[in-house]
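Colleague: turn this into a structure:
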Amino acid sequence: MIGDQTEDAQPHGVAARFPARSTGGSLPPAEWALLTVAVVGISLAAPLAAVAAAPAPAIAFWRNAVAGVILLPRVLARRGGGRARRRPGRADLQYCVLAGMFLAAHFGMWIPSLTMTSIATSTALMCTTPLWAGLIARARGRSVPKAGWAGMLVAFLGVLVVSSVDIGMSAEALAGDALALASGVCLAAYLSVGEHVRQRLDTETYTLICYATAAAALVTVCLLTGSALVGYSAGTWMTLAALTFAGQLLGHSLLNRSLGVVSGATVAVVSLLEVPGAALLAALWLGQAPPLEAYVGVLVILAGVFVVVRADASGT
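Modeller: Residues are numbered from 1 along each chain as shown. As a prediction, the model looks like this:
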């Protein structure tokens, strides 16, 4: 993600924690329009990744590599103008590399899951990130509000509903569910590590190191597995470019921009619209029609995540 917060990815998904801001009143129509465009952008990421005629590790690599290249001039200009907070020390670099490895694992598992299970199910399971972030925070000694635990329970029930549907469909669909869920765990770990290191390091430098690390890890996976990095058709390259533009540069950058005028909790809740948005696009564009029970499970997951996000914002 390129902007005032770290990804994604926000490659796509709900960020675990955002700094709260107050709007001081109702949003002007232009801000709502930009938020709408942001939701469309992140919603397009999953269908575009699913239809890209390239190996999953290569799709993940190019998304991070291109985003890093685009971010590099901003980091260099920031340092040249003396606006960077500080140069990263050894410990900072270690944390950034660790976060980048989690980011690589997130993309490396979520992207293949999109072709193994339905896009609606995969996106919903990936968006359980706030649940895992809450558990990580608890493991680090922080308190989790009672409503947060209740939301986690509701979301877990939704995961069971979705998984029970895919058990009856195929082993591949169930494996896709597991990959999507694991990708949400990795994204939560990425965000939790980032929360620690970004207390000392500016966002853009941190994000660039994470993207570079993720790209390096993913290109290694491509080389070890024999996944082609080039030689695609013009249509595939256009799809990869659209994926980076829609999900990374348009969707997440606009969500980041909105943090200046709305609260982080609001952005996190708005980000949940990625799930129905991706599901709708998959139905209209790809003709995907999961069983009704799967949509019920998705809605239950979203309800649970919504409760967790609101509980985190209010602290109750």
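Colleague: okay but residue 103 is in contact with residue 214, surely?
Modeller: Yes. Between residue 103 and residue 214 a contact is recorded at 4.4 Å, counting by Cβ atoms under 8 Å. Just so you know, the C-beta spots here come from the backbone N, C-alpha and C atoms, and that holds for glycine as well.
Colleague: shared neighbours of the two, anything?
Modeller: Common neighbours of residue 103 and residue 214 (criterion: Cβ atoms under 8 Å, 6 or more residues apart in numbering): residue 64.
Colleague: below-threshold pLDDT in this protein: ranges please.
Modeller: 1-27, 79-86, 256, 259-260, 262-266, 313, 315-316 (pLDDT under 70).
Colleague: what residues sit buried inside the longest helix seen in it?
Modeller: Identified as the longest helix of the chain according to DSSP state H is helix 171-197. Within helix 171-197, the residues that qualify as buried are 173-174, 176-195, 197, counting by 16 or more other Cβ atoms under 10 Å.
Colleague: what is the helix or strand just after that helix packed up against?
Modeller: Sequence order places helix 203-225 as the next helix or strand after helix 171-197, per DSSP states H and E. Using 3 or more Cβ pairs under 8 Å, 6 or more residues apart in numbering; DSSP states H and E, the elements in contact with helix 203-225 are helix 56-80, helix 90-113, helix 171-197.
Colleague: apply 7 Å and report the result again.
Modeller: helix 56-80, helix 90-113 (3 or more Cβ pairs under 7 Å, 6 or more residues apart in numbering; DSSP states H and E).
Colleague: how far out from the middle of the chain is the shortest one?
Modeller: I take that to be helix 90-113. With Cα atoms, centre = their mean, to the nearest Å as the basis, helix 90-113 stands 12 Å off its chain's centre.
Colleague: same thing with the first one?
Modeller: Counting by Cα atoms, centre = their mean, helix 56-80 is centred 16 Å from the centre of its parent chain.
Colleague: then stretch 165-184?
Modeller: Using Cα atoms, centre = their mean, the offset of stretch 165-184 from its chain centre is 18 Å.
Colleague: for stretch 268-284, same thing?
Modeller: Centroid displacement of stretch 268-284 relative to its chain, using Cα atoms, centre = their mean, is 13 Å.
Colleague: may I see the buried residues of that stretch?
Modeller: 268-279, 281-283.
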